[in-house]
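**Q** Predicted coordinates and the sequence they were generated for:
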Amino acid sequence: MAYGDIGALIDVLEFDQVQGVDCWGIQVNDAVYAVANQGPGSNLYVTTFSIDAAGAISDSRLATLALSPSWGVLPHIIKIAANVFAIVYQGTNYYLTVETVSISDNGLTIASLNELVIVSLDCRAPKIIHVAGNVYAVSYLQTAVTTVKVSTITITPAGAITGIIDTIILTAAGAYFTNILAVNDTIFAVQYLDTISGVSVATIEISSGGLITDAVIDTQIIDAQTQNSRTGMTEALPGVFAVAHSGTGVDGFVSTVTISAAGAISGVLDTLEFWNADVTQFHIIHIGLGICAVTFKKDILLDGNITTISISAAGLIKDTIDDTLDFDTTLFLDGMLLRITGDIYAVFYGGPGSDGYVRTLDISTPPPGAPHHEMLMGMGP
């Protein structure tokens with residue numbers, strides 16, 4: 001198979017048979033993986049299972065724990081250190097909440113460590129990323145869908161959480177959904193959907209101590225389409241960033257820009273309409289040599305699909321997709337894609353019955369090369 005070709009589906013586990021949406025998966029240790037999701041009663045759950053190097057998933061979950069006594073919506077989980085993980089989510093009354101948990105190497109023990117409400121206001125669609133040392137940055141919407149903000153906090157390797165160090169407002173014009181990734185050690189890109197201007201990317205500077213430079217460095221409108229759901233962004237090649245989003249006709253598009261080491265964002269370099277029908281809920285990752293994989297929901301059929309595309313070092317996108325596959329032909333809700341090892345990938349998502357699913361598949365992947373910044377990845381000291 002050529003790089004970017006998608007092979008057969010390998011295995012599937014229904015890890016929550018009651019409710020499992022807003023899923024975000026992460027590796028715990030070796031073949032042990034965890035998923036944070038909105039589970040029964042809209043509570044926050046963490047569940048573990050194993051996925052081996054061939055893509056075989058354990059027949060049942062290893063452990064599960066309900067963390068939030070009320071709401072646990074749109075969680076995003078990252079590794080802090082060793083067996084400690086942090087989850088940011090919409091908590092009770094939509095308050096912006098961070099919780100740390102410990103997960104044993106074998107996945108059999110999950111325990112809550114600390115929980116802190118960092119903003120006692122209506123905050124939505126949070127994401128968290130490591131900055132430096134014990135400092136982390138959280139992007140989110142405050143006052144429902146009015147203001148895009150980034151705030152810094154500290155989380156120790158033992159899971160202790162402090163309140164906000166600093167905050168910057170990116171726009172107060174109205175927005176939906178946020179993503180944040182590192183451009184380099186101090187420059188960060190925040191991608192969001194501006195309800196007036198459309199799909200947007202802004203850059204900010206954060207010091208190792210968590211102080212945020214007062215002014216936004218640069219902002220670029222990627223697409224004027226405001227009817228989007230869960231847009232995504234990744235670094236396809238050094239300095240070249242790809243955004244997966246809805247465009248004209250709410251069809252599926254990927255657009256590219258460059259972001260300099262100083263945070264300057266170019267105009268849109270190229271755009272590919274990769275799906276000629278209504279699609280939403282995008283997640284995009286770089287798999288190697290400028291090849292990116294996008295998962296999304298086909299809004300008319302509600303299918304879950306994965307499509308691969310190729311991007312050059314100049315930010316130009318190949319005119320045709322590399323490959324495509326419907327991995328769930330019944331329902332796909334709020335999913336994400338994670339590389340397991342080699343050519344093996346896992347999709348974590350809400351599937352039929354809005355239950356929680358993890359499914360493995362094969363994508364022909366180039367050998368490891370220079371590292372790239374993947375959207376929403378972050379790890380502490």
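**A** Received, thanks.

**Q** from the chain's centre, how far out does the lowest-mean-pLDDT helix or strand in the chain sit?
**A** None of the helices or strands of the chain scores lower by mean pLDDT, DSSP states H and E than strand 175-182, at a mean of 91. Here strand 175-182 is found 9 Å from its chain centre; the criterion is Cα atoms, centre = their mean, to the nearest Å.

**Q** State the paired neighbours of it in the sheet, together with their directions.
**A** Strand 175-182 has these partner strands in its sheet, going by DSSP bridges: strand 187-194 (antiparallel).

**Q** what's the spacing between the strand it pairs with and its chain's center?
**A** With Cα atoms, centre = their mean, you get 13 Å for strand 187-194.

**Q** which of the residues in that strand are buried?
**A** 187-194 (16 or more other Cβ atoms under 10 Å). (C-beta placed from N, C-alpha, C; glycine too.)

**Q** Tell me which helix or strand comes right after that strand.
**A** Remark: after strand 187-194, the chain's next helix or strand is strand 198-205, criterion DSSP states H and E.

**Q** could you point out which element follows that following strand?
**A** According to DSSP H and E, the helix or strand after strand 198-205 is strand 218-223.

**Q** Residues in contact with that next one: which ones?
**A** With contacts defined as Cβ atoms under 8 Å, 6 or more residues apart in numbering, strand 218-223 is touched by 170, 194, 197-203, 243, 245-247, 253, 255, 257, 263-268, 271.

**Q** got the angle between that strand and strand 198-205?
**A** Strand 218-223 and strand 198-205 are oriented at 160 degrees to each other (axes from the mean of the first three to the mean of the last three Cα atoms, to 10 degrees).

**Q** Tell me where the model's unsure across the stretch 51-200 of the chain.
**A** Low-confidence segments of the stretch 51-200 of the chain (pLDDT under 70): 144-145.

**Q** now the strands: where do they sit in it?
**A** Here the stretch 51-200 of the chain has its strands, by DSSP state E, counting those that start in this stretch, at 63-66, 73-81, 84-90, 96-103, 110-119, 123-132, 135-142, 147-154, 166-171, 175-182, 187-194, 198-205.

**Q** what about Val84, neighbour count?
**A** 20 (other Cβ atoms under 10 Å).

**Q** returning to what we had before: quick one: the strands of the stretch 51-200 of the chain as CSV, columns for distance to Ile10 too.
**A** CSV is the format used below for the strands of the stretch 51-200 of the chain (distance: least, Cβ to Cβ, whole Å):
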stretch, distance to Ile10
strand 63-66, 23
strand 73-81, 23
strand 84-90, 26
strand 96-103, 24
strand 110-119, 26
strand 123-132, 29
strand 135-142, 33
strand 147-154, 38
strand 166-171, 40
strand 175-182, 28
strand 187-194, 31
strand 198-205, 33
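
**Q** who wins for proximity to Cys23 among those strands?
**A** Ranking the strands of the stretch 51-200 of the chain by proximity to Cys23 (Cβ to Cβ) places strand 73-81 first, at 8.5 Å.

**Q** buried ones in the least confident helix or strand of the chain?
**A** 175-182.

**Q** next one: stretch 53-62
**A** Quick answer for stretch 53-62 (16+ other Cβ under 10 Å): 55, 57-58, 61-62.

**Q** tally of neighbours for His283?
**A** His283: 27 neighbours (other Cβ under 10 Å).

**Q** Which two of the buried residues of strand 187-194 have the greatest separation?
**A** So, the buried residues of strand 187-194 by Cβ to Cβ: farthest apart are Ile187 and Leu193, at 21.5 Å.

**Q** any chance you could map the strands in the stretch 201-350 of the chain?
**A** According to DSSP E, counting those that start in this stretch, the strands that the stretch 201-350 of the chain contains are 218-223, 232-237, 240-246, 252-258, 270-275, 279-288, 291-298, 304-310, 323-328, 333-341, 344-350.

**Q** Any chance you could list what contacts the fifth one?
**A** Outside of strand 270-275, the residues that reach it under the criterion Cβ under 8 Å, 6+ apart are 223, 247-248, 251-256, 294, 296, 298, 305, 307, 309, 311, 315-319, 321.

**Q** Repeat that for the second one.
**A** Residues from elsewhere that reach strand 232-237 (Cβ under 8 Å, 6+ apart): 179, 181, 189, 191, 201, 241-245, 256, 282-286, 290, 292, 294, 311-313, 315, 372-375.

**Q** do the same with the last one
**A** With contact meaning Cβ under 8 Å, 6+ apart, strand 344-350 is reached by 10, 19-25, 33, 35, 37, 51, 53-55, 57, 293, 295, 304, 306, 327-328, 331-340, 356-363.

**Q** let's see it at 7 Å
**A** Residues from elsewhere that reach strand 344-350, judged by Cβ atoms under 7 Å, 6 or more residues apart in numbering: 20-21, 23-25, 35, 51, 53, 55, 295, 304, 327, 332-340, 356-363.

**Q** List the strands paired with it, with their directions.
**A** strand 333-341 (antiparallel), strand 356-363 (antiparallel).

**Q** How far does the first one sit from its chain's centre?
**A** Think strand 333-341. So, by Cα atoms, centre = their mean, the centroid of strand 333-341 is 9 Å from its chain's centroid.

**Q** what about that strand, average pLDDT?
**A** When pLDDT is averaged over strand 333-341, the result is 96.

**Q** so who does the closest residue to Val148 other than its chain neighbours touch?
**A** Computed as Cβ to Cβ, 6 or more residues apart in numbering, the closest residue to Val148 that is not its neighbour in sequence is Leu170, at 4.2 Å. Counting by Cβ under 7 Å, 6+ apart, Leu170 makes contact with 148-150, 190, 202, 216.

**Q** buried residues in stretch 103-115?
**A** Going by neighbour count (16+ other Cβ under 10 Å), the buried part of stretch 103-115 is 103-104, 107, 110, 112-115.

**Q** burial of the residue lying closest to Val21 once chain neighbours are set aside, as a residue count?
**A** Of all residues not flanking Val21 in the chain, Gly350 sits nearest, at 3.5 Å (Cβ to Cβ, 6+ apart). Gly350 is flanked by 26 other residues according to other Cβ under 10 Å.
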